[in-house]
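Undergrad: No letters, just coordinates:
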């Protein structure tokens, strides 16, 4: 069979990971992450012997017309990762696929939470995969009878069939390495260096209960880790087979298990791998010993979701972290020589102009190397969707976000630090050129916000 795995052309560029559904143009540094969900499905399809193509249209610059021209070459299945913000564009392509006789499959957050509504309103969707897609996708391709496939919603022509949920995959090592040979690796670059960059899925799931987050809905309430050897084997494969040495180690709560992190770093050091990597963390899951060995193993930067500078808001969104923990985490990370990147959400449930001002002031007290302020997005199915919402007008909130960015990055101290971090400490001339490009991108965005 011939399979097309797709991020459809859309007006906005979303990485479409389970947790992050933010338009990449809103990031201070526009990092374009490879479509790892599609790459896992591609590896499964290839393992079964099918001809497989991946299109990440927004980041490849492929238009709707261009995508349709590819579809018209003829496929047995087209599989699309839907998102709430790009739904209209996603459905446009699926409708065309169905009209030319291609079977259609959707997955992702909106497919999981709104499967019945999608199936009823859009009969051109043949199958909807709920939750983690890999095993369900494999069973569809193997021809397992629909009524026996867990985690699927489908129509038999007369009625909609909604089978039981599929359990989360406890053995993540059973997944093949993502098919990086099916994507254009050269378009995914580490902005500070301009070098090839990829994502390694290190864990799934989160045992914390933030009310706004999609993680627990999509990946479960228990953290499941890839084995250390599996992760390092994949890293080594990327270095050897694809000449990629810059990585994002993806995990909803990567640093929650100190023992696993320490073992991972020891294995990287033991194998003598020369790499640069980044990860996300929580402010209450790191300590001095952990960040020290992370630095030794090549960790360049850690991002922390701090979200708010108001303790009452933090409690209301069930962040289970405090301002004091945030300050300590940033201090320890800086002491280890690792760059810090913090994230704040403005317009959270119960936010007011006063609490947002408090958050902006606190972000300057935290004083991370990079910072991002994002407008709160409420997603159906999350607890935050049912909470008391912020009543600030969108236009006022946008002005506060713009003011936050310019007020943060135009401080003399942070400008001098950026010069030191990204220009004076560049490891090579190519790194210096990458830093120049990134600096230009940041300044362009700041000027746009200021104007």
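TA: Okay, I see it. The structure displayed is predicted, hence computed values, not measured ones.

Undergrad: And the strands in the stretch 101-250 of the chain?
TA: For the stretch 101-250 of the chain, the strands defined by DSSP state E, counting those that start in this stretch cover 103-107, 127-129, 152-155, 160-162, 189-190, 195-201, 203-204, 224-225, 246-250.

Undergrad: and these, which one is worst for confidence?
TA: Mean pLDDT across the strands of the stretch 101-250 of the chain is lowest at strand 189-190; the value there is a mean of 85.

Undergrad: Sheet partners, orientation included, of that one?
TA: strand 195-201 (antiparallel) (DSSP bridges).

Undergrad: List the contacts of the residue nearest to residue 209 when sequence neighbours are not counted.
TA: Nearest residue to residue 209 in three dimensions, chain neighbours excluded: residue 318, at 4.7 Å (CB to CB, 6 or more residues apart in numbering). The C-beta positions use only the backbone N, C-alpha and C, and glycine is treated the same way. Contacts for residue 318 (CB atoms under 8 Å, 6 or more residues apart in numbering) come out as 208, 209, 210, 211, 383.

Undergrad: Now the buried members of those residues.
TA: 208, 210, 211, 383 (16 or more other CB atoms under 10 Å).

Undergrad: so who does residue 141 touch?
TA: Contacts for residue 141 (CB under 8 Å, 6+ apart) come out as 1, 3, 44, 45, 48, 50, 77.

Undergrad: strand partners of the host helix or strand of residue 344, parallel vs antiparallel please.
TA: According to DSSP states H and E, residue 344 maps onto strand 339-346. If you go by DSSP bridges, strand 339-346 pairs up with strand 299-307 (parallel), strand 370-375 (parallel).

Undergrad: And the contacts of that strand?
TA: By CB under 8 Å, 6+ apart, strand 339-346 touches 212, 300-309, 326, 330, 333-334, 356, 359-360, 363, 366, 368-376, 397, 400-401, 404, 421.

Undergrad: Make a ChimeraX selection of whichever of those turn out to be buried.
TA: To isolate the buried members of the contacts of strand 339-346 in ChimeraX, using 16+ other CB under 10 Å:
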select :212,300,301,302,303,304,305,306,307,308,309,326,330,333,356,359,360,363,366,368,369,370,371,372,373,374,375,376,397,400,401,404,421
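
Undergrad: any idea which element residue 293 lies in?
TA: Residue 293 belongs to helix 288-296 when assigned by DSSP H and E.

Undergrad: picking that back up, per-residue pLDDT, the residue nearest to residue 209?
TA: With respect to pLDDT, residue 318 has a value of 95.

Undergrad: what about it, is that helix, strand or coil?
TA: Secondary structure, DSSP: H, G, I helix; E, B strand; the rest coil: residue 318 is coil.

Undergrad: gap between it and residue 384?
TA: Per CB to CB, to the nearest Å, residue 318 is found 9 Å from residue 384.

Undergrad: about what we covered before: please identify the most buried of the strands of the stretch 101-250 of the chain.
TA: Greatest average neighbour count among the strands of the stretch 101-250 of the chain goes to strand 127-129 (a mean of 26), per mean count of other CB atoms under 10 Å.

Undergrad: Give me the neighbour count for the residue nearest to residue 98 when sequence neighbours are not counted.
TA: Take residue 98 and drop its neighbours on the chain: the residue closest to it by CB to CB, 6+ apart is residue 124, 3.6 Å away. When counting by other CB atoms under 10 Å, one arrives at 13 neighbours for residue 124.

Undergrad: any idea how far residue 124 lies from residue 77?
TA: Separation of residue 124 from residue 77 (CB to CB) stands at 13 Å.

Undergrad: ok, the residue nearest to residue 209 to residue 210 distance?
TA: As judged by CB to CB, residue 318 and residue 210 stand 6 Å apart.

Undergrad: and if you look at residue 37?
TA: 21 Å.

Undergrad: And for residue 106?
TA: Residue 106 is 26 Å from residue 210, by CB to CB.

Undergrad: Repeat that for residue 127.
TA: 31 Å.

Undergrad: for residue 11, same thing?
TA: For residue 11, the distance to residue 210 - CB to CB - is 28 Å.

Undergrad: which stretches of the chain have low pLDDT?
TA: 16-30, 420-451 (pLDDT under 70).

Undergrad: Where do the helices of the stretch 1-150 of the chain begin and end?
TA: Secondary structure of the stretch 1-150 of the chain (DSSP state H, counting those that start in this stretch): helices at 36-47, 57-60, 64-71, 87-99, 109-113, 115-121, 134-142.

Undergrad: list the contacts for residue 199?
TA: 33, 34, 36, 247, 248, 250.

Undergrad: Kindly state the domain boundaries assigned to this protein.
TA: 2-162, 188-450 (automatic domain parsing).

Undergrad: how about those domains, which one is nearest residue 172?
TA: Comparing the domains of the chain against residue 172 with CB to CB, the closest turns out to be domain 188-450 (4.9 Å).

Undergrad: quick one: that closest one to chain centroid distance?
TA: Centroid separation for domain 188-450 versus its chain: 11 Å, with CA atoms, centre = their mean, to the nearest Å.

Undergrad: cool, and stretch 176-187?
TA: When distances are taken as CA atoms, centre = their mean, stretch 176-187 is centred 16 Å away from the chain's centroid.

Undergrad: Would you mark the buried spots in it?
TA: 177, 178, 179, 180, 182, 183, 185.

Undergrad: which of those lies closest to residue 57?
TA: residue 183 (11.9 Å).

Undergrad: contacting residues around the closest one?
TA: Contacts of residue 183 (CB under 8 Å, 6+ apart): 34, 35, 38, 39, 54, 56.

Undergrad: Closest one of those residues to residue 287?
TA: Set against residue 287, the nearest of the contacts of residue 183 by CB to CB is residue 34 (31.2 Å).

Undergrad: Now the closest one: phi and psi?
TA: Phi and psi for residue 34, reported as degrees, to the nearest 10, are phi -60, psi 150.

Undergrad: what about it, neighbour count?
TA: Residue 34 has 23 nearby residues by other CB under 10 Å.
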